[in-house]
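J.: Pasting the sequence and the predicted model now:
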Amino acid sequence: MKLKLIGPDNEIIEKTYTEFVKDIKPNSFFYFHKDTSYKNLKDLIDKLEKDGYSVYFREVKYALDEGSYMYELHII
């Protein structure tokens, strides 16, 4: 599973599930590029919930264009 996260300088950072889990801290927000597979994100949410995390997931639109969106994942 490849995850495409959006970094602090709007660069795309690719990570695997195990690399991603290492970065989780309490009350973390992660933003994923729109090219990240929705199926991979659903699998990620299922794995995180199975590991005991509470997860809030949504699509964030940042402009009026249909292609201007990203995914937000809040881990509590």
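T.: Received, thanks. Residues are numbered from 1 along each chain as shown.

J.: Now E72. Nearest residue, chain neighbours left out?
T.: Leaving aside its chain neighbours, E72 sits nearest to V60 (5.0 Å; criterion: Cβ to Cβ, 6 or more residues apart in numbering). Bear in mind the C-beta positions are built from the backbone N, C-alpha and C, glycine included.

J.: how near is the one you found to L73?
T.: V60 is 10 Å from L73, where distance means Cβ to Cβ, to the nearest Å.

J.: hey, where'd the strands end up in this protein?
T.: Per DSSP state E, the chain carries strands over the ranges 3-6, 12-15, 28-32, 55-61, 69-75.

J.: re the thing from before, quickly list what's touching both of V60 and L73.
T.: Residues touching both V60 and L73 by Cβ atoms under 8 Å, 6 or more residues apart in numbering: Y31.

J.: the more surrounded of these two?
T.: Shown here are V60 and L73; by other Cβ atoms under 10 Å, L73 has more neighbours (20 against 12).

J.: wait, that one sits on F32?
T.: Yes - under the criterion of Cβ atoms under 8 Å, L73 is in contact with F32, at a separation of 6.7 Å.

J.: Now the common contact residues for these two.
T.: Counting by Cβ under 8 Å, 6+ apart, the contacts common to L73 and F32 are L41.

J.: what's the spacing between the residue nearest to E72 and T18?
T.: To T18, V60 is 26 Å away according to Cβ to Cβ.

J.: Equivalent analysis for D46, please.
T.: For D46 relative to T18 (Cβ to Cβ), the value is 16 Å.

J.: ok, the two, which is more surrounded?
T.: Neighbour tally, D46 and T18, criterion other Cβ under 10 Å: the higher count belongs to D46, 11 against 8.

J.: And the contacts of the longest helix anywhere in the chain?
T.: Identified as the longest helix of the chain according to DSSP state H is helix 38-50. Helix 38-50 is contacted by residues M1, K2, L3, Y17, F20, F32, V55, F57, Y71, L73, I75 when judged by Cβ under 8 Å, 6+ apart.
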